[in-house]
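In: give the three-dimensional model of this entry:
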Amino acid sequence: MAKDPSFDVVSEMNMEEVKNSVQMTVKELTNRFDFKGSTVDIKLENQKLIVLGDDDFKLEQIKDVLFAKLAKRGVPTKNIQFGETQHALGSKARQTADLISGIDRENSKKISTAIKNSKLKVKAQIQEDQIRVTGKNRDDLQAVIQLLRNLDLPIELQFTNYR
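Out: Down below sits the predicted model:
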């Protein structure tokens with residue numbers, strides 16, 4: 001007898017695509033006229049992104065270009081959470097961002113309670129940084145996917161292993 005239909009709810013970032021987007025952003029900004037003679041630097045270290053610019057306005061422009069490149073490559077920009085801007089000597093500004101992969105405990109609980117409150121005949125099982133949803137009816141699973149897409153969370157969700 002076959003197993004019940006299921007799918008996994010994950011939140012992942014493709015680091016190769018992030019790396020490519022960072023390289024394309026640096027390349028574009030070094031060729032732009034309004035950035036001639038300005039400090040532009042974006043580094044990817046471990047799971048952190050470090051953006052360096054002349055001031056807050058330049059930082060925002062750098063982030064706009066970066067987000068455009070990330071969106072074009074299908075990387076969820078919701079999973080990039082920037083911290084406070086740090087001002088250094090020589091009127092330089094630096095901002096670090098965490099690249100979030102995986103669903104943390106707090107968001108897992110929000111997702112599982114939303115599924116339970118929907119009164120659909122499915123089970124949500126938290127497995128480390130992902131959630132497995134199983135049910136007897138594929139239509140119920142589709143309804144859960146729609147429900148989770150409409151949920152307001154600080155991270156982007158993907159649905160994988162739909163069987």
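
In: I'd like the average pLDDT over stretch 85-98.
Out: Averaging pLDDT along stretch 85-98 yields 85.

In: centre of the chain versus that stretch, how much separation?
Out: Chain-centre distance of stretch 85-98: 22 Å, with CA atoms, centre = their mean, to the nearest Å.

In: need the contact partners of that stretch.
Out: For stretch 85-98, contacts defined as CB atoms under 8 Å, 6 or more residues apart in numbering pick out 39, 47-56, 58-59, 63, 80-84. Glycine gets a C-beta too; all of them are placed from N, C-alpha and C.

In: for the closest residue to residue 145 other than its chain neighbours, pull up the helix or strand it's in.
Out: Nearest residue to residue 145, sequence neighbours excluded (CB to CB, 6 or more residues apart in numbering): residue 159, at 5.5 Å. Following DSSP states H and E, one finds residue 159 within strand 158-160.

In: in strands, which of the contacts of stretch 85-98 appear?
Out: 48-53, 80-84 (DSSP state E).

In: mark which of those residues are buried, thanks.
Out: Among these, the ones that count as buried by 16 or more other CB atoms under 10 Å are 49, 51-53, 80.

In: which one of the ones in strands among the contacts of stretch 85-98 is nearest residue 71?
Out: Nearest to residue 71 among the ones in strands among the contacts of stretch 85-98, counting by CB to CB, is residue 80 at 11.1 Å.

In: can you give the domain ranges for the protein?
Out: Per automatic domain parsing, the structural domains of the chain span 6-12+102-160, 15-99.

In: now what about stretch 115-130, what contacts it?
Out: Stretch 115-130 has contacts (CB under 8 Å, 6+ apart) with 8-11, 101-104, 108, 111-112, 131-137, 140-141, 143-144, 147-148.

In: show me where this protein has helices.
Out: 15-31, 56-72, 105-117, 138-150 (DSSP state H).
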